[in-house]
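J.: pasting the sequence and the predicted coordinates here, then a few questions.
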Amino acid sequence: MTTYILRRLLASLLILLGASFIVYMLIAYSGDPLAEIRSSNSPSKADQMARRTELLHLDVPPALRYFIWLSGAVKCVVPFAGQCDLGVTLQNQPVTAALANAIPTTLQLVTTAALLAILLGVTIGVITALRQYSTLDYSVTFITFLFFSLPVFWVAVLLKEFGAIGFNDFLRDPFIANSTILVISLIVGAVWTVIIAGTLKRRLLTFGVAFLVTVLVLYYLSVTRWFTTPQLGVVIVAVTGIAAAYGFTVLFAGLQNRRALYSALITVGIGLVMYFAIQPLLANANLWIIIGLGILAIGVGLLVGYLMGGYDRGQSMKAAALTSFAVAFLILLDRYMQAWPAYMSNPRIRNRPIATIGAETPGLEGDFWIQGLDKYTHLILPTIALILISLASYTRYSRASMLEVMGQDYVRTARAKGLSERVVVTRHAFRNAMIPLATIVAIDIGGLIGGAVITENVFSFKGMGQLFLTGLHNIDPNPVMGVFLVTGITAVTFNLLADLTYSALDPRVRVKA
C-alpha cells in the first residue's frame, strides 16, 4: 500500500510539473504586463516599468522565469523545504497571503455545494433506479438534464433576479395571494402524485392530501406573517424528530426492530428536553460550542442505541445517532430563526436579507447568530447554482450504477433467501453501487472549483475564482499559478482517495504495488 501511494504521488507530481509549465507559458505569452504603463502619460512611466519588470522578472525569458517561480513553489509542497513562496501580485501582495484570504471563501462555497449535490444526487438516483421507467424516473431525467445543459452564469443571473430580488420584494409584505396558494398547492400535489407509486386510487388520495396540506400550510404562513418572524418551536421539532426517527429506523433496521425504533424515539425525547435546557448556552454560543453540541448529540444517540442493545446493537446505534443529530440540527435551525427579525431590521440589511453580491455584508455588527445568518444568506444563491449544474451527473451515474448492481446474481440470491427488499437494497446493492461514484466525486471536485470561478465572478465573491480572473486580466502569472497549484493538489489528493476508497467499499478490490 505504501509503495502504491508513493508511486501515485510521484506520477501526480510529474503531471503537475508538466501542466504547471504549460499554464505558465500560456499566461506569459498571452499579453504584455507593461501594456497599461506603456499607454499612460505619467512622468514616472519609466520608473514604473522598471519596478514592474523587476517585480515579475520580465527581463528573464518566460521558460527560465517559470523555474524561478517553481523554486519557491516547491517549498509549498515539500516538507521542511523552507518558507512557501509563490511570488507577489502586481499590487506587491504576497500570493500566499492572497490565497489565505481567498481559499476559505471558495472552500466554504464548494464544500457546501459538493456535499449537498452528492447527498441529493445519490438519493434521487437510487430512488429513480428502484422506480425505473416510472413517471418519476422520466420526470427526474428531464429535469436533471435540463439543469445540466444550462450555463452556470445564466442560472446565477436567474437566481439573482427571482431568488434574491423577487423574494426580497416579497418579504416587504409577505402576503400570499389565494391564486398563488392554489397554483403552488396543485404543483405540490402533482409532484407527490409522481413520487408515490401505486394504484390510481392511491395516487388520487395522495394528490388530495398533499393539496389540502399545502393549502393549509401556505394560508397559515400568510395569515401569521411567518416569514417576518419565522420559528419552528418545540411542536414542529417534536413532529419532525419523530418522523426522522421512523425514517432512519426504516432505512437502517426496519420497523420490526423495535429496540432500534425505541432508541431513536428516546433521543427525540432527550432532544426536546435539551431544547429548553440549552437556550441560555445558545444565547452566548460560538462555533466551538455548536461543534461540541453536535458531537455530544451524536454521542448521546450512540450511547442510547448501545444501552438499548438488541440482536443487532449496531442498527439501534445508527438509527439513534442520526435521529439525535437531526433533532440537534432542528434546534440549531430554530435558534437561527429566532435571530431572523433582528437580522432583518439591521440597518445594513434593510429588510432585504437574500444577498446578490459578496460573501458577507460589509460593516455588519452582531452576535454569532447574526453573523451566521449573514454568511448563509450570502451562500444560498451561489450554492444553489453550483448544485444545479452538478446534480445531473450524480443522479445519472448513481441511477446507472444501481441498475447494474440490482441485476447481479448476488442480489437475486439475496432475494431468493427471503431477505426483505430494504435489506437487499441497503446492505447488498447500495454499497457496491457507490464504487463507481468514488471516481466521479473525485473528478467533480475539480469541476466544481472550475464552476466556482464563474459563479464567484457573477456573485462578486472574493475567492480563488476572482483571484484567478484578476490574474488573467492583468497578465499576472503568480496569482493564477497559485490558484492552479491549490486546485491541482486538490485534484491529485481526491483521485488518490478515490482509489483507496475502492478497497474500503469492496473487499474484492485490493490496491497493489
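T.: Nice, thanks for sending it over.

J.: residues contacting residue 204?
T.: residue 193 (CB atoms under 8 Å, 6 or more residues apart in numbering). Where C-beta positions appear, they are placed from N, C-alpha and C, glycine not excepted.

J.: for it, identify the helix or strand it belongs to.
T.: helix 200-223 (DSSP states H and E).

J.: contacting residues around stretch 189-197?
T.: 131, 134-136, 139, 202-204, 206-211, 214.

J.: residue 74: neighbour count?
T.: Neighbourhood size, residue 74 [other CB atoms under 10 Å]: 14.

J.: same thing with residue 419?
T.: Neighbours of residue 419 using other CB under 10 Å come to 15.

J.: can you pull out the helices in the stretch 1-150 of the chain?
T.: 2-28, 35-38, 45-56, 62-77, 95-130, 135-149 (DSSP state H, counting those that start in this stretch).

J.: please work out which of the ones you listed is packed deepest.
T.: Here the criterion is mean neighbour count by mean count of other CB atoms under 10 Å, and of the helices of the stretch 1-150 of the chain the winner is helix 95-130, at a mean of 20.

J.: average pLDDT for it?
T.: The average pLDDT within helix 95-130 is 87.

J.: so which elements touch it?
T.: For helix 95-130, the elements it packs on are helix 135-149, helix 368-406, helix 435-459, helix 464-473, helix 477-505, judged by 3 or more CB pairs under 8 Å, 6 or more residues apart in numbering; DSSP states H and E.

J.: closest one to residue 8 among the ones you listed?
T.: Judged by CB to CB, the one of these that comes nearest to residue 8 is helix 477-505, at 5.5 Å.

J.: what's the angle from that closest one to helix 464-473?
T.: Between helix 477-505 and helix 464-473, the angle comes out at 140 degrees (axes from the mean of the first three to the mean of the last three CA atoms, to 10 degrees).

J.: so which bits of helix 477-505 are buried?
T.: Residues of helix 477-505 classed as buried: 477-488, 490-492, 494-496, 498-499, 501-502, 505 (neighbour count, 16 or more other CB atoms under 10 Å).

J.: and stretch 322-336, by the same measure?
T.: Buried positions in stretch 322-336, judged by neighbour count with 16+ other CB under 10 Å: 322-328, 330-332, 334-336.

J.: please flag which of those sit within helices.
T.: Using DSSP state H, the members of the buried residues of stretch 322-336 that fall in helices are 322-328, 330-332, 334-336.

J.: so where's the stretch 251-400 of the chain uncertain?
T.: 310 (pLDDT under 70).

J.: show me what the helix or strand containing residue 432 is packed against.
T.: Using DSSP H and E, residue 432 sits in helix 430-433. Counting contacts by 3+ CB pairs under 8 Å, 6+ apart, helix 430-433 is packed against helix 368-406.

J.: which strands and helices sit next to the helix it packs on?
T.: helix 95-130, helix 135-149, helix 152-158, helix 313-338, helix 340-344, helix 430-433, helix 435-459.

J.: residue 2: which of the helices and strands packed on helix 95-130 is closest?
T.: It's helix 477-505; of these, that one is closest to residue 2 (CB to CB) at 11.9 Å.

J.: from residue 148, how far out is residue 290?
T.: Noted for residue 290: a distance of 35 Å to residue 148, by CB to CB, to the nearest Å.

J.: also residue 242?
T.: 37 Å.

J.: do the same with residue 163
T.: For residue 163, the distance to residue 148 - CB to CB - is 19 Å.

J.: next one: residue 364
T.: 36 Å.

J.: what's the answer for residue 311, then?
T.: 45 Å.

J.: equivalent analysis for residue 56, please.
T.: Residue 56 is 40 Å from residue 148, by CB to CB.

J.: ok, residue 391 next?
T.: With CB to CB as the criterion, residue 391 and residue 148 are 8 Å apart.

J.: before we move on, the earlier item: now the helix holding residue 432 - C-alpha only, CSV.
T.: What follows is helix 430-433, C-alpha atoms only, in CSV (Å, rounded to 0.1, in the frame of the first residue of the first chain):
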residue,chain,number,x,y,z
PHE,A,430,-26.2,0.2,-2.4
ARG,A,431,-22.6,-0.3,-1.2
ASN,A,432,-21.5,-1.8,-4.4
ALA,A,433,-23.3,0.8,-6.4
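
J.: that one: which residues count as buried?
T.: For helix 430-433, using 16+ other CB under 10 Å, the buried residues are 430, 432-433.

J.: ok, back up a step: alpha carbons of the helix holding residue 204, in CSV - could you do that?
T.: Output of helix 200-223 as CSV, limited to C-alpha atoms (Å, rounded to 0.1, in the frame of the first residue of the first chain):
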residue,chain,number,x,y,z
LEU,A,200,-55.0,5.2,-9.3
LYS,A,201,-57.0,5.4,-6.1
ARG,A,202,-53.8,5.7,-4.0
ARG,A,203,-52.5,8.4,-6.3
LEU,A,204,-55.7,10.4,-6.2
LEU,A,205,-55.7,10.2,-2.4
THR,A,206,-52.0,11.3,-2.3
PHE,A,207,-52.9,14.3,-4.5
GLY,A,208,-55.8,15.3,-2.3
VAL,A,209,-53.9,15.1,0.9
ALA,A,210,-50.8,16.9,-0.5
PHE,A,211,-53.0,19.6,-2.0
LEU,A,212,-55.0,20.1,1.2
VAL,A,213,-52.0,20.2,3.5
THR,A,214,-50.1,22.6,1.2
VAL,A,215,-53.2,25.0,1.1
LEU,A,216,-53.4,25.0,4.9
VAL,A,217,-49.7,25.5,5.4
LEU,A,218,-49.4,28.4,2.9
TYR,A,219,-52.5,30.0,4.3
TYR,A,220,-51.1,29.8,7.9
LEU,A,221,-47.8,31.2,6.7
SER,A,222,-49.6,34.1,5.0
VAL,A,223,-52.0,35.0,7.8
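
J.: what average pLDDT does it get?
T.: 92.

J.: repeat for stretch 454-474
T.: 84.

J.: do me a favour and get the end-to-end distance for it?
T.: Terminal residues of stretch 454-474 are spaced 17 Å apart (CA to CA, to the nearest Å).

J.: mind checking how far that stretch is from the chain centre?
T.: 20 Å (CA atoms, centre = their mean, to the nearest Å).

J.: got a list of contacts for it?
T.: Residues from elsewhere that reach stretch 454-474 (CB under 8 Å, 6+ apart): 27, 30, 33, 89-90, 98-99, 101-103, 105-106, 109, 152-153, 156-157, 160, 356-359, 381-382, 385-386, 449, 452-453, 476-480, 482-483, 486-487.

J.: hang on, the earlier thing: now the helix holding residue 204, how far from the chain's geometric center?
T.: For helix 200-223, the distance to the chain centre is 31 Å (CA atoms, centre = their mean).

J.: following that helix, which helix or strand comes up?
T.: As the chain continues past helix 200-223, the following element, by DSSP H and E, is helix 233-252.

J.: using CSV, write down the CA coordinates of that next one.
T.: The C-alpha trace of helix 233-252 is given here as CSV (Å, rounded to 0.1, in the frame of the first residue of the first chain):
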residue,chain,number,x,y,z
GLY,A,233,-41.0,25.7,18.0
VAL,A,234,-41.0,22.6,20.2
VAL,A,235,-44.0,21.2,18.4
ILE,A,236,-42.5,21.2,14.9
VAL,A,237,-39.2,20.0,16.3
ALA,A,238,-41.0,17.1,18.0
VAL,A,239,-43.1,16.1,15.0
THR,A,240,-40.2,16.3,12.6
GLY,A,241,-37.9,14.4,15.0
ILE,A,242,-40.4,11.6,15.3
ALA,A,243,-40.7,11.4,11.6
ALA,A,244,-36.9,11.3,11.4
ALA,A,245,-36.8,8.5,14.0
TYR,A,246,-39.2,6.4,11.9
GLY,A,247,-37.4,7.2,8.7
PHE,A,248,-33.9,6.3,10.0
THR,A,249,-35.3,3.1,11.6
VAL,A,250,-36.9,2.0,8.4
LEU,A,251,-33.7,2.7,6.5
PHE,A,252,-31.2,1.0,8.8
